[in-house]
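Peer 1: Provide a 3D model corresponding to the input given below.
(4 chains)
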Number of protein chains: 2
Amino acid sequence: MPERVTLADVARLAGVSKTSASMALADNHRVAENTRVRVRKAATELGYVPHFAASSLRSQRPDSIAVVMPHATQHVFSHPVFIEMLEGITAAANDFDLAVILSTARSESDERSAYSRITRGGRAAGVIVAAASVRDSYPAEIHRMGYPVVVVGRAPGVASIGIDDLGGAEAVTRHLIEVHGTKRIAHVSGPLDHQSSIDKRDGWIAALRGAGLTIDPRLSFEGDYEEVSGARAAAALAPHLEDGDAVFFANDQMATGALGVWRRDGIAIPRIVGYDDHPMSRYTSPPLTTVRADMVRVGEMAVHQLAALIEGERDIAPLVFPTEVIVRESCGCPPHVTD
Amino acid sequence: MPERVTLADVARLAGVSKTSASMALADNHRVAENTRVRVRKAATELGYVPHFAASSLRSQRPDSIAVVMPHATQHVFSHPVFIEMLEGITAAANDFDLAVILSTARSESDERSAYSRITRGGRAAGVIVAAASVRDSYPAEIHRMGYPVVVVGRAPGVASIGIDDLGGAEAVTRHLIEVHGTKRIAHVSGPLDHQSSIDKRDGWIAALRGAGLTIDPRLSFEGDYEEVSGARAAAALAPHLEDGDAVFFANDQMATGALGVWRRDGIAIPRIVGYDDHPMSRYTSPPLTTVRADMVRVGEMAVHQLAALIEGERDIAPLVFPTEVIVRESCGCPPHVTD
DNA sequence: CTGAAAGCGCTTACAG
DNA sequence: CTGAAAGCGCTTACAG
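Peer 2: Below is the predicted model of the structure:
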């Protein structure tokens, strides 16, 4: 391991005390401009990088944030959506000079210890919780302890970056009703202990109600966001689907799974719509009508909110990101030239 | 922020010195069994979690590893493959009591500073580099500095977890030749500055050569692993494709993009095979014949190797993971019952 | 505007 | 087997 360049080395080369060197590098204005320049030059020359543990320990503020995926989450995000969010988080964290610690828990007890290592171990200045179950009490708990926490997804009582899944689901369902005159619309939901799944289901219900349509309980199926569960839903729904009916899937992966099964079994494919705008959805047959949110921005904003909390700000208003319907052909619309 | 429980608190409650408390918690055998029990009990009672910065600083060994995605990487992994690898990494890191720092660089200069913050800043005890370009000199550089580094993917001169992409590509190409009697096989590669793309292309060439078939340069297209580039390849290849020809795509996402375009344009779909076994590939139409590697294990093994390097081991033999052909229908095989 | 000193919370020689 | 002391590399009162 190469030997370490310390602040003392920088101070010596610049001909000042460690105090001045430290303050100069922090761009403290009590230090003469001239000194700051000299110190910066010395630091660059030596390739000085502050030892993070020393500064964390002394300042009592780690320069990291943690992203925790509760064990219940597993596959609540579709892969690309999760990666987009992570992209936004790492990019924004970079801007704030924060390192990102990724913590995924395999089990409940792992989770307990993961959380406490982060919060009690002083490892991160705050945490972003991605897709907690609504039954998960950790985020609220650590929030109450006064620890900075931001939840991605709608979460009452905690700083959060929500996504307007209710609006998105309602809009795409209404598209089916208003543009295509559909009277019966089935819904394949995600796991219903997650807020996003609940919101999408509620949006579907609101659209049906708003149009005076009835909700047939046989036309509702709880999936888990994985392709296979869409395939299972396809089989379960098939006997109850009549000509002209439609199905709203809570994500594109389940819609794709269903498409595969219906096609394999030679079943007529109903009008369908998905959710998330998975990169492949443009190329499925038919291309999927879907709903998208800007998850990169969601990740970025989560970091911004967390940074504000870390700075000591209180009462951060929860943000809700808009969603947008992407019309392609699976709903029954004609092909677009732009696609 | 809740007030911190320190080692001194634990020592006091257990009625021993900080030295003994520290050693007891490290399970040092120079401490009496009886003392160890008392200290552990006190620690549990107080909910003690060691302050990571203090121990990192004192022991001069951070209890974290970093996963860095060079800026050139962006989308070199298909999303699910990347997530599987990350799953393996975080799970194994947990077992070793290591935190995982995720570092993604947006640009070359970001990358330089990201690397040096990690290595020179003492942030991580070692790094796992995921999918570096073959032109990327960082991994070799920090390796030379004596810093523990493991590369995922074949990489000469550095500890690495390779994947037998050459073998996988050759096997799936030979399937096309031997089972289906294909004489002309096109290839849509990934970006050719990445080892995995090079290996797959070489496997394709080896299979053709081995069967005495010629390589038509018009039947080769360099993509970037994204769906769109598969769509572009489909258009570029179409004029040169004759009845009975086949196409080997370097990943399933590009294959899916191509499928979408051919279908949209009413072009007869050739025999095709993909790579990576993307979860959706089972449900496309036709379901994709593809190649898979156990990326969760790859991620786990990367951590194991890195941990060994951190422990001071030298000369770790590079590991190469096998790949497996998954036969579905896109190659021309009949449907399987198991699918 | 600058610097000497204290101390963050650990771990690790070292002495007994 | 146990404990007093030193020190990792910073930052931050504090005094000048």
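
Peer 1: in terms of helix, strand or coil, where does A:V247 fall?
Peer 2: strand (DSSP: H, G, I helix; E, B strand; the rest coil).

Peer 1: check contacts around it.
Peer 2: Each residue near A:V247 by CB atoms under 8 Å, 6 or more residues apart in numbering or on different chains is listed here: A:I185, A:A186, A:H187, A:V188, A:L237, A:L241, A:A255, A:A258, A:P270, A:R271, A:I272, A:V273. Just so you know, the C-beta spots here come from the backbone N, C-alpha and C atoms, and that holds for glycine as well.

Peer 1: so which of the residues you listed belong to helices?
Peer 2: Mapping those onto helices (DSSP state H) picks out A:L237, A:A255, A:A258.

Peer 1: next, format those as JSON lines and append neighbour count.
Peer 2: Listed next are the ones in helices among the contacts of A:V247 as JSON lines, based on neighbours: other CB atoms under 10 Å in any protein chain shown:
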{"residue": "A:L237", "neighbour count": "22"}
{"residue": "A:A255", "neighbour count": "31"}
{"residue": "A:A258", "neighbour count": "31"}
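
Peer 1: what about A:A268, distance to chain B?
Peer 2: As judged by CB to the nearest CB, to the nearest Å, A:A268 and chain B stand 14 Å apart.

Peer 1: circling back to that earlier point, so which of the contacts of A:V247 is the closest to A:I83?
Peer 2: Nearest to A:I83 among the contacts of A:V247, counting by CB to CB, is A:A255 at 19.4 Å.

Peer 1: that closest one contacts A:P286, correct?
Peer 2: No: using CB atoms under 8 Å, A:A255 is not in contact with A:P286; the gap is 10.5 Å.

Peer 1: overlap in contacts, those two.
Peer 2: By CB under 8 Å, 6+ apart, A:A255 and A:P286 have these common neighbours: A:S330.

Peer 1: tell me the contacts of the residue in the stretch 51-200 of chain A positioned nearest to DNA strand C?
Peer 2: DNA strand C sits closest to A:R58 of the stretch 51-200 of chain A, with a gap of 3.5 Å, by CB to the nearest atom of the strand. Residues counted as contacts of A:R58 (CB under 8 Å, 6+ apart): none.

Peer 1: give me the buried stretch members for the strand or helix carrying it, please.
Peer 2: Here A:R58 sits within helix A:52-59, counting by DSSP states H and E. Using 16 or more other CB atoms under 10 Å in any protein chain shown as the test for burial, helix A:52-59 gives A:F52, A:A53, A:A54, A:S55, A:S56, A:L57.

Peer 1: do stretch A:9-20 as well
Peer 2: Under 16+ other CB under 10 Å, the buried positions of stretch A:9-20 are A:D9, A:V10, A:A11, A:L13, A:A14, A:V16, A:S20.

Peer 1: again with stretch A:140-160
Peer 2: Under the neighbour-count criterion of 16+ other CB under 10 Å, stretch A:140-160 has A:140, A:142-143, A:147-155, A:158-160 buried.

Peer 1: in a helix, A:V320, correct?
Peer 2: No: according to three-state DSSP, A:V320 belongs to no helix; its state is strand.

Peer 1: next up, the contacts around A:V39.
Peer 2: Applying CB under 8 Å, 6+ apart, the residues near A:V39 are A:V10, A:A11, A:A14, A:V16, A:S20, A:A21, A:A24, A:L25, A:V31.

Peer 1: let's have those residues in JSON lines, adding pLDDT.
Peer 2: Formatted as JSON lines, the contacts of A:V39 follow (pLDDT from 0 to 100):
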{"residue": "A:V10", "pLDDT": "95"}
{"residue": "A:A11", "pLDDT": "94"}
{"residue": "A:A14", "pLDDT": "93"}
{"residue": "A:V16", "pLDDT": "93"}
{"residue": "A:S20", "pLDDT": "94"}
{"residue": "A:A21", "pLDDT": "94"}
{"residue": "A:A24", "pLDDT": "94"}
{"residue": "A:L25", "pLDDT": "93"}
{"residue": "A:V31", "pLDDT": "87"}
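
Peer 1: closest one to B:D224 out of the residues you listed, please.
Peer 2: Using CB to CB, the contacts of A:V39 come closest to B:D224 at A:L25, 40.2 Å.

Peer 1: next one: phi and psi at the closest one?
Peer 2: phi -70, psi -30 (degrees, to the nearest 10).

Peer 1: out of the ones in helices among the contacts of A:V247, who's nearest DNA strand C?
Peer 2: Nearest to DNA strand C among the ones in helices among the contacts of A:V247, counting by CB to the nearest atom of the strand, is A:A255 at 50.5 Å.

Peer 1: now that closest one: how far from DNA strand D?
Peer 2: To DNA strand D, A:A255 is 51 Å away according to CB to the nearest atom of the strand, to the nearest Å.

Peer 1: what about the strands in the stretch 101-250 of chain A?
Peer 2: A:127-130, A:149-152, A:159-163, A:185-189, A:220-222, A:246-249 (DSSP state E, counting those that start in this stretch).

Peer 1: of all these, which lies closest to B:D199?
Peer 2: Here strand A:127-130 is closest among these (CB to CB), at 33.8 Å.

Peer 1: residues of chain A that sit close to DNA strand C?
Peer 2: With CB under 7 Å from any atom of the strand as the criterion, chain A meets DNA strand C at residues A:16-20, A:23, A:29-35, A:54, A:57-58, A:60.

Peer 1: try 6 Å this time
Peer 2: Where chain A comes near DNA strand C, counting by CB under 6 Å from any atom of the strand, the residues are A:V16, A:S17, A:K18, A:T19, A:S20, A:R30, A:V31, A:A32, A:T35, A:L57, A:R58.

Peer 1: if you look at those, which of them are in helices?
Peer 2: Using DSSP H, these in helices are A:K18, A:T19, A:S20, A:T35, A:L57, A:R58.

Peer 1: CA atoms only for the helix or strand that comes right after the helix holding A:R58, dumped as PDB, please.
Peer 2: Heading C-terminal from helix A:52-59, the first helix or strand you meet, by DSSP H and E, is strand A:64-69. Output of strand A:64-69 as PDB, limited to C-alpha atoms (Å, rounded to 0.1, in the frame of the first residue of the first chain):
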ATOM      1  CA  SER A  64     -21.600   9.300   3.100                       C
ATOM      2  CA  ILE A  65     -25.200   8.500   2.600                       C
ATOM      3  CA  ALA A  66     -26.700   5.000   2.600                       C
ATOM      4  CA  VAL A  67     -29.200   3.600   0.200                       C
ATOM      5  CA  VAL A  68     -31.000   0.800   1.800                       C
ATOM      6  CA  MET A  69     -33.200  -1.700   0.100                       C
END
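
Peer 1: show residues contacting strand A:64-69.
Peer 2: With CB under 8 Å, 6+ apart, strand A:64-69 has contacts from A:86, A:89, A:93, A:98-105, A:111, A:114-115, A:118, A:123-131, A:303, A:306, A:310, B:101-102.

Peer 1: next: stretch A:199-218.
Peer 2: Under CB under 8 Å, 6+ apart, the answer for stretch A:199-218 is A:154, A:165-171, A:173-174, A:177-178, A:183-187, A:189-190, A:192, A:220, A:240, A:248, A:250, A:275.

Peer 1: quick one: buried ones out of those residues?
Peer 2: Buried among the contacts of stretch A:199-218 (16+ other CB under 10 Å): A:154, A:165-171, A:173-174, A:177, A:184-187, A:189-190, A:220, A:248, A:250, A:275.

Peer 1: quick revisit: of the buried residues of stretch A:9-20, closest to A:V327?
Peer 2: Nearest to A:V327 among the buried residues of stretch A:9-20, with distances taken as CB to CB, is A:V10, at 58.9 Å.
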